[in-house]
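> Okay, here's the prediction I keep looking at, along with the sequence it came from:
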Amino acid sequence: TTTPTLSFLSCIIISIAINALCRFYSLNFQKSYILIISFDKQFYQNLLFRRVLIMTKMTTEEAFVKVLQMHGIEHSFGIIGSAFMPISDIFPDAGITFWDVAHETNGGLIADGYTRATGKMSMVVAQNGPGITGLVTPIKTAYWNHTPLLLVTPQAANKTMGQGGFQEVEQMNLFKDMVCYQEEVRDPSRMAEVLNRVIEKAIRGSAPAQINVPRDYWTQVIDIDLPPIVRLERQGGGVDAIKKAADLLSNSKFPVILSGAGVVIGGAIEETKKLAEKLDSPVCSGYQHNDSFPGSHPLAVGPLGYNGSKAAMELISKADVVLALGTRLNPFSTLPGYGIDYWPKNANIIQVDINPDRIGLTKKVTVGISGDAKLVAQQIFEKLSSSAGDTDRQKRKDLIHQTKSAWLQKLSSLDHEDDDEGTVWNQEA
């Protein structure tokens with residue numbers, strides 16, 4: 001109010017009344033507060049425009065759903081169960097669609113696919129115990145797919161844990177190596193705080209994150225002020241590391257780019273094209289990440305790893321510098337194929353990954369850059385020398401074309417599968 005005649009107590013009473021109406025009519029109000037501005041000089045000096053917050057009373061399920069709304073989560077996948085019905089009951093009023101699937105595994109896979117296709121985070125949930133165990137495969141799949149996903153695991157009642165409570169399972173241990181973060185709600189009053197943190201961790205880690213909620217914590221009435229969203233900017237890597245990487249690429253005679261999922265997640269495809277075209281370097285894709293570079297581009301040579309491109313393998317084996325952009329360099333993604341142990345033994349390796357824990361984990365690395373693929377690629381491009389890529393440029397371009405053509409001709413002739421030594425299965429067929 002800006003009316004000086006209203007007393008401080010009156011303002012509080014009015015705010016409480018408005019808050020009650022808001023809670024009654026809609027789930028869209030995040031908090032109630034009053035701002036007191038006095039035209040009385042002394043009163044103004046005492047308050048200094050301080051905002052007086054009124055803690056809102058709501059149920060734990062209301063707090064949970066309001067945090068989902070704050071983060072724009074509109075879809076939840078799973079099978080209805082009594083352990084989370086308090087939240088699913090108010091999904092319709094909150095504008096959240098619950099997709100009841102035939103099996104929990106289906107729900108997890110659909111949630112993973114939905115988030116990967118739309119870029120919007122979704123939620124997967126199931127009945128505690130056997131329902132939750134059905135989510136193991138899709139959550140690990142989402143983890144390796146770099147999918148930020150909210151995993152909600154209702155737990156057996158807190159007061160019966162350890163006594164063989166209803167469908168009791170150690171759900172935190174179950175997912176400990178399948179999520180980037182997990183946390184259990186320790187008190188009903190912390191419901192919104194914990195959920196907000198878990199969602200943020202999933203976004204920052206680009207992976208599933210788990211919130212474990214004892215089922216007897218629902219329907220509790222709590223005083224709460226909804227937590228703020230703290231969204232961190234993606235980092236662009238260290239200045240010295242960027243310069244060293246640019247110098248290595250600028251002086252390279254045979255640079256090769258290996259593009260991974262981070263290029264897709266970070267929206268760095270155009271930046272990768274600019275780097276490749278500046279250097280005239282062949283671009284290999286990580287296993288299952290053909291979408292990280294346009295296959296129609298003259299410098300695209302196909303994927304490494306299992307059943308990958310022989311052309312990609314032959315070309316990367318000749319590299320003196322490899323820019324592994326947005327990739328964990330997973331062992332399966334660099335698996336030898338066609339009898340070629342192609343990973344370059346003496347090349348300088350530049351690994352760029354948003355997760356510092358992955359850098360240098362599987363391959364020896366010359367320069368490690370922890371950062372977003374797009375931001376890092378932009379900075380490396382800006383610091384390349386004017387002559388970067390000039391050494392043996394035409395020779396390299398010709399070799400890329402010849403190697404790709406030879407592999408395409410080989411592929412066109414593969415109308416049957418040859419038997420491995422000592423077997424006759426295909427011959428008999």
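On my side now, so go ahead. Keep in mind the model is a prediction, meaning the values are calculated, not measured.

> Work out for me the element Arg396 sits within.
Under the criterion DSSP states H and E, the helix or strand holding Arg396 is helix 393-412.

> if I look at the closest residue to Ser206 other than its chain neighbours, how far off is Gly205?
Of all residues not flanking Ser206 in the chain, His146 sits nearest, at 4.7 Å (Cβ to Cβ, 6 or more residues apart in numbering). Placement of C-beta: from N, CA and C, glycine included. Counting by Cβ to Cβ, to the nearest Å, the gap from His146 to Gly205 is 9 Å.

> In terms of neighbours, single out the busier of those two.
Comparing His146 with Gly205 by other Cβ atoms under 10 Å, the one with more neighbours is His146, at 22 against 17.

> Surely the more buried one is in contact with Gly266?
No. His146 is not in contact with Gly266 according to Cβ atoms under 8 Å; the separation is 10.3 Å.

> if we can go back for a sec, which helices and strands does the helix holding Arg396 pack with?
Where contact means 3 or more Cβ pairs under 8 Å, 6 or more residues apart in numbering; DSSP states H and E, helix 393-412 is packed against strand 300-303, helix 310-316.

> Now do Thr3, the pLDDT please.
For Thr3, the model assigns a pLDDT of 48.

> Burial check on Asp419, number of neighbours?
Neighbour tally, Asp419, other Cβ under 10 Å: 13.

> Next, the contact list for it, please.
425-427 (Cβ atoms under 8 Å, 6 or more residues apart in numbering).

> neighbour-wise, which of the residues you listed leads?
Per-residue neighbour counts (other Cβ under 10 Å) across the contacts of Asp419 peak at Asn426, which has 11 neighbours.

> so who does that residue touch?
Taking Cβ under 8 Å, 6+ apart as the test, what Asn426 contacts is 416-419.

> Apply 6 Å and report the result again.
417, 419 (Cβ atoms under 6 Å, 6 or more residues apart in numbering).

> From Ser285, how far out is Leu299?
Distance, Leu299 to Ser285, by Cβ to Cβ: 12 Å.

> and what of Pro356?
23 Å.

> again with Thr153
35 Å.

> go on, Leu408?
Leu408 sits 16 Å away from Ser285, going by Cβ to Cβ.

> Comparing the two, which residue is more hemmed in?
Set side by side, Leu408 and Ser285 show more neighbours around Ser285, with 28 against 12, by other Cβ under 10 Å.

> residues touching that one, list them.
Residues in contact with Ser285 (Cβ under 6 Å, 6+ apart) are 259, 292-293, 303.

> Could you point out the bridge partners of it in the sheet?
For Ser285, the beta-bridge partners are Ser259, Pro303 (DSSP bridges).

> Using CSV, write down the CA coordinates of the helix or strand encompassing Gly113.
In this assignment (DSSP H and E), Gly113 forms part of helix 104-118. Provided in CSV are the C-alpha atoms of helix 104-118 (Å, rounded to 0.1, in the frame of the first residue of the first chain):
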residue,chain,number,x,y,z
GLU,A,104,7.8,-47.7,-15.7
THR,A,105,10.7,-48.4,-18.1
ASN,A,106,8.6,-46.9,-20.9
GLY,A,107,7.9,-43.8,-18.9
GLY,A,108,11.6,-43.2,-18.3
LEU,A,109,12.6,-43.8,-21.9
ILE,A,110,9.8,-41.4,-23.1
ALA,A,111,10.9,-38.7,-20.6
ASP,A,112,14.5,-39.0,-21.9
GLY,A,113,13.3,-38.8,-25.5
TYR,A,114,11.0,-35.9,-24.8
THR,A,115,13.7,-33.8,-23.2
ARG,A,116,16.3,-34.6,-25.9
ALA,A,117,13.8,-33.8,-28.6
THR,A,118,12.4,-30.6,-27.1
